[in-house]
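Enquirer: pasting the structure only:
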């Protein structure tokens with residue numbers, strides 16, 4: 001397993017639509033494992049392959065993990081496609097590993113039904129709701145070249161992008177995330193169960 005560097009916005013790769021995965025081989029399985037390792041290390045609850053620089057339609061999610069106990073229920077979706085949206089909507093204060101320390105309330109369908117392929121090559125259909133539903137939608141957006149700030153006002157989006165541009169120019173994200181880096185990964189307070197009732201800022 002390996003912890004991979006996260007792409008930080010603004011970056012043209014985050015606005016690029018990812019390509020379908022044609023064959024589920026050992027490289028895809030290793031990528032999924034590395035993405036989960038990276039997600040946990042960065043204290044996220046979801047991650048798309050594009051966020052680690054791989055423009056393939058793959059996402060991972062685990063909204064129930066605990067720092068003290070390790071992984072919760074892991075979800076690995078290959079070539080996911082939303083086939084049905086619930087008419088009801090929900091609002092979450094979303095964050096993103098590619099937008100460090102930036103958050104915004106985003107309105108999305110309260111649940112979605114998704115068709116995807118698992119690591120065994122089996123096609124599945126599954127409904128996702130609550131925080132997991134929001135997370136899955138957030139990551140599917142990523143593989144379609146959409147980021148969460150695309151769902152908020154232009155003024156607020158521009159403010160967030162300008163702030164990140166300034167921080168990148170100042171070299172704040174020049175380090176490579178990894179087990180030996182000097183970055184403080186422990187300031188997010190990620191020591192509880194993520195669920196639809198918690199008020200934690202969710203980094204997806």
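Expert: Cool, got the structure. Predicted model, so just to flag it, every value in this text is computed and none were measured. Numbering: from 1, shown residues only.

Enquirer: tell me the secondary structure at residue 139.
Expert: Look at residue 139: counting by DSSP: H, G, I helix; E, B strand; the rest coil, its state is helix.

Enquirer: gap between the nearest residue to it once chain neighbours are set aside and residue 19?
Expert: Leaving aside its chain neighbours, residue 139 sits nearest to residue 59 (3.8 Å; criterion: Cβ to Cβ, 6 or more residues apart in numbering). Every residue, glycine included, has its C-beta placed from N, CA and C. Note on residue 59: its distance to residue 19, by Cβ to Cβ, to the nearest Å, is 14 Å.

Enquirer: the more surrounded of those two?
Expert: Comparing residue 59 with residue 19 by neighbour count (other Cβ atoms under 10 Å), the higher total belongs to residue 59, at 30 against 13.

Enquirer: toward the C-terminus, what is the element adjacent to the helix or strand encompassing that one?
Expert: Assigned by DSSP states H and E, residue 59 falls within strand 58-61. Later in the chain than strand 58-61, the nearest helix or strand by DSSP H and E is strand 75-85.

Enquirer: what comes up buried for that following strand?
Expert: Buried residues in strand 75-85, counting neighbours by 16 or more other Cβ atoms under 10 Å, are found at 75, 76, 77, 78, 79, 80, 82.

Enquirer: sheet partners, orientation included, of whichever strand or helix holds residue 47?
Expert: In this assignment (DSSP H and E), residue 47 forms part of strand 46-48. If you go by DSSP bridges, strand 46-48 pairs up with strand 58-61 (antiparallel).
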